[in-house]
Structure formats: structure tokens, C-alpha cells
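*Asks:* Can you look at this prediction? I've put the sequence above it.
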Amino acid sequence: MTMDAATIVTRQIAEQIRDIHPGPPLDAGWLDPRLGALLLLALLLVLLGAFAWLGHRIWLYWCWRQATGVPPAGDQRLWFVGLHERLRQEGLRRWPISRTLQGADWLAWLDSQGPTDFLRWQHQWDEWLYGGRSPSQSQCLAIHADYLRLGRQLLLGRCYLQGGAG
């Protein structure tokens, strides 16, 4: 084939395809702007809902912490009775089955609800609650730490807030 023959064939092919025009570029305008705005709005609403849910859970945990503050250096027995009542009320509100549990069974059941160790106090718990004895400051701090861990487990679902007693 000579150069002239190749040129003739090329011209014939060019004449056959001259009516074919490429469409719009694929990267420009593949998504309708209205649909893109709708998808962005849906994403923002989902994120807003997630933030609102998380904020509500954190607020509930803050209320949990404020309901029974750090044990005072003075009257630990009064603080302990208040903490016991708070745990009892929360247990009855969340789990009606806990109504029938008393003493060591109730403490073991509380431990099963979260990463706590209330059961280690089973021998002193009734004495502190009904007897004339008071827990020491270090015992109160350990019980308070378990109370906070239980609140994190119940209200946040996992122990997101690691560190110390608070």
C-alpha cells in the first residue's frame, strides 16, 4: 500500500464517522446539583441526629455524676446511704426485676450490669447501711469509682471516658 492509498482509506473512514460527536465530558455534571444538595442535606441531618444523641447521652451521664458527688471527708455514712438509694432507684427504674434482689444478690446483679466490683463490699454493705458503722474515705472513693463506671456503661454504652475516678 502506498502513501496515496493510505490517505484515501483514511479519508473514507473520516467521511464515514464525521457525524459522530462525543457527548459531554463524564467528569462534569455527572450528578444533578439538586440531587447532590439533597444527599448533602441528608448527610448533615444524620450527623446532626448523631451529635444530638451523643450530647443527650453525655448530659445524662453528667446528671448521673452530679446526683452523687464525691464523698465528703465528714459524714461518709450519710453519703453512702444516698448512693445506695440512688442505685436502688435507678435499678428499679431501669430493671423492675431488681425489685426482688437484696444484699449480696443485688450487689452481684449490679456487677453483672457493668464493669463494677460492688460485690467485694457485701460483708460491710449492710453494716454501713443499717448498722452504726461508716465506710472509710478510701472505701467511699472506691465505691464512688464503681458507681461512675456503672454510669458510663449504662449511659454511654462503653467506657469512653477512661481515666481515674472521674
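*Replies:* Here it is on my side, so go on.
*Asks:* those helices in the chain, which residues are they?
*Replies:* 3-16, 33-67, 76-94, 103-113, 122-130, 137-151 (DSSP state H).
*Asks:* Out of these, which one sits most buried?
*Replies:* Ranked by mean neighbour count, the helices of the chain are led by helix 137-151 with a mean of 19 (mean count of other Cβ atoms under 10 Å). All C-beta spots, glycine's among them, are computed from the backbone N, C-alpha and C.
*Asks:* quick check: mean pLDDT across it?
*Replies:* The average pLDDT within helix 137-151 is 90.
*Asks:* Low-confidence regions, the chain specifically.
*Replies:* Residues of the chain meeting the criterion pLDDT under 70: 1-3, 23-30, 158-166.
*Asks:* Not counting its neighbours along the chain, what's nearest Arg99?
*Replies:* Leu92 (5.9 Å; Cβ to Cβ, 6 or more residues apart in numbering).
*Asks:* For that neighbour, give its distance to Gln66.
*Replies:* Remark: distance between Leu92 and Gln66 (Cβ to Cβ, to the nearest Å) = 20 Å.
*Asks:* Please apply the same query to Gly103.
*Replies:* According to Cβ to Cβ, Gly103 and Gln66 sit 28 Å apart.
*Asks:* next one: Gly36
*Replies:* The gap separating Gly36 from Gln66 is 45 Å, by Cβ to Cβ.
*Asks:* Then Leu78?
*Replies:* With Cβ to Cβ as the criterion, Leu78 and Gln66 are 17 Å apart.
*Asks:* so who does the closest residue to His84 other than its chain neighbours touch?
*Replies:* Residue nearest to His84 in three dimensions, not counting chain neighbours: Leu129, with 5.8 Å by Cβ to Cβ, 6+ apart. Residues near Leu129 by Cβ atoms under 8 Å, 6 or more residues apart in numbering: Phe80, Val81, His84.
*Asks:* cool, Arg77 as well?
*Replies:* When contacts are counted by Cβ under 8 Å, 6+ apart, Arg77 touches Trp128, Arg133, Ser134, Pro135.
*Asks:* Return the member of the contacts of Leu129 nearest to Arg99.
*Replies:* Set against Arg99, the nearest of the contacts of Leu129 by Cβ to Cβ is His84 (15.0 Å).
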